[in-house]
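J.: Quick check, what structure comes out for this input:
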Amino acid sequence: MAPPELQESYDNVGLLSGRMDAVVQAVYVALDVTRGVIDRAKEMGCQMLVTHHPILFHGRKNLREDDPEGAVLCHLIRSGLAVYSAHTNFDNAPMGTGDCLARALSMTGVEGPEPGLRIGDLPRAMGPEELAAFLRERMGGVPRLYGGKDAMRRAALCPGAGAFMARRAYDLGADVFITGEAKHHEILEAEELGLPLVDGGHYETEQFAINAFAEGLQKAADGLQWDIRVYRDPCKEEHHAD
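T.: Predicted coordinates for the structure are as follows:
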């Protein structure tokens, strides 16, 4: 589902914690490695986490517990859980994060002109208010729409921190560009292009990949007749306390 060779050069994917010869009977799929995810995986009797976002994405020179990332890493090590991450290799794969979001938005005629970017048609042409309401219903969160047109239907998608693809979305003729995270200068670039841009939230645009990965892993394990149970982390609204 996410061949390692599809990862971007800056990424950190694969088995990032644990050992290759460990026995795995249950897998927990989540977007991120957090304390809550670690604890829920242990409660379910899992030996392995499969996440979209990798640990150790940026280099560390210590494992101190008085900073947030260090504390999570120490908690992970004590848990004994293995971690396998599929990040940009899943973004770039067929039926990856962009395709998952396109399905959630009921888009048709979806194409992948280049890795990580998808373009297709929304169910109908929408003005700014209707589009914002539609995205809230489908993705949750509070999507921010910068700019807008009376009839936006042709949509380009790049889940997560994908606003750097705005120029490409414009060149492809998109009426609107939907991503999960946009910096100030990226918003200004889209405005200069006259391309409406939606900052839908990093989690909100990638959450659908969790189900797809969990379902795909379970189907593969069942097809091989492996006795492995695959669980997925609840959606954000299902565990507000975390």
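
J.: Chain neighbours aside, what residue packs nearest to the residue nearest the centre of the chain?
T.: Nearest residue to the geometric centre of the chain (CA atoms, centre = their mean): Glu206, 2.9 Å. Leaving out its chain neighbours, the residue that sits closest to Glu206 by CB to CB, 6 or more residues apart in numbering is Pro159, at 4.8 Å. To be clear about C-beta, it is placed using only N, CA and C from the backbone, and glycine gets the same treatment.

J.: list the buried ones in the longest helix anywhere in the chain?
T.: In the chain, taking DSSP state H as the definition, the longest helix is helix 208-223. Buried residues in helix 208-223, counting neighbours by 16 or more other CB atoms under 10 Å, are found at Phe208, Ala209, Ile210, Ala212, Phe213, Ala214, Leu217, Gln218, Ala221.

J.: which phi and psi does the nearest residue to Pro115 once chain neighbours are set aside have?
T.: Sequence neighbours aside, Asn92 is the residue nearest to Pro115 in space, at 3.7 Å (criterion: CB to CB, 6+ apart). Phi and psi for Asn92, reported as degrees, to the nearest 10, are phi -90, psi -10.

J.: Enumerate every residue touching the residue of the chain positioned farthest from its centre.
T.: Farthest-out residue of the chain from its mean C-alpha position, per CA atoms, centre = their mean: Asp150, at 29.3 Å. Residues near Asp150 by CB atoms under 8 Å, 6 or more residues apart in numbering: Gly127.

J.: The one 10 residues further on now?
T.: Shown here is Gly160, whose contacts under the criterion CB under 8 Å, 6+ apart are Asp91, Thr97, Thr179, Gly180, Glu181, His202, Thr205, Glu206.

J.: Could you break this protein into its assigned domains?
T.: 4-89+208-239, 97-205 (automatic domain parsing).

J.: Reformat the ones you listed into TSV and put mean pLDDT next to each item.
T.: Shown next, in TSV, are the domains of the chain (pLDDT from 0 to 100):
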stretch	mean pLDDT
domain 4-89+208-239	93
domain 97-205	96
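
J.: okay, those, which one's buried deepest?
T.: Ranked by mean neighbour count, the domains of the chain are led by domain 97-205 with a mean of 19 (mean count of other CB atoms under 10 Å).

J.: helix or strand right after the top strand by length along the chain?
T.: Counting by DSSP state E, the longest strand found in the chain is strand 117-126. Per DSSP states H and E, strand 117-126 leads on to helix 128-139 as the next helix or strand towards the C-terminus.

J.: name the helices or strands packed onto that next one?
T.: For helix 128-139, the packing partners by 3 or more CB pairs under 8 Å, 6 or more residues apart in numbering; DSSP states H and E come out as helix 97-104, strand 117-126, strand 144-146.

J.: mind redoing it with 10 Å?
T.: helix 97-104, strand 117-126, strand 144-146, strand 152-158, strand 176-179, strand 197-199, helix 202-206 (3 or more CB pairs under 10 Å, 6 or more residues apart in numbering; DSSP states H and E).

J.: The next helix or strand after the first one vs helix 97-104, what angle?
T.: From helix 97-104 onward toward the C-terminus, using DSSP H and E, the following helix or strand is strand 108-114. Here strand 108-114 runs at 170 degrees with respect to helix 97-104, directions being taken by axes from the mean of the first three to the mean of the last three CA atoms, to 10 degrees.

J.: and for strand 108-114, what are the contacting residues?
T.: With contact meaning CB atoms under 10 Å, 6 or more residues apart in numbering, strand 108-114 is reached by 92-96, 98-99, 101-103, 117-123, 154-158, 165, 168-169, 171-172.

J.: Try it again at 7 Å.
T.: Applying CB atoms under 7 Å, 6 or more residues apart in numbering, the external contacts of strand 108-114 come out as Asp99, Ala102, Arg118, Ile119, Gly120, Asp121, Leu172.
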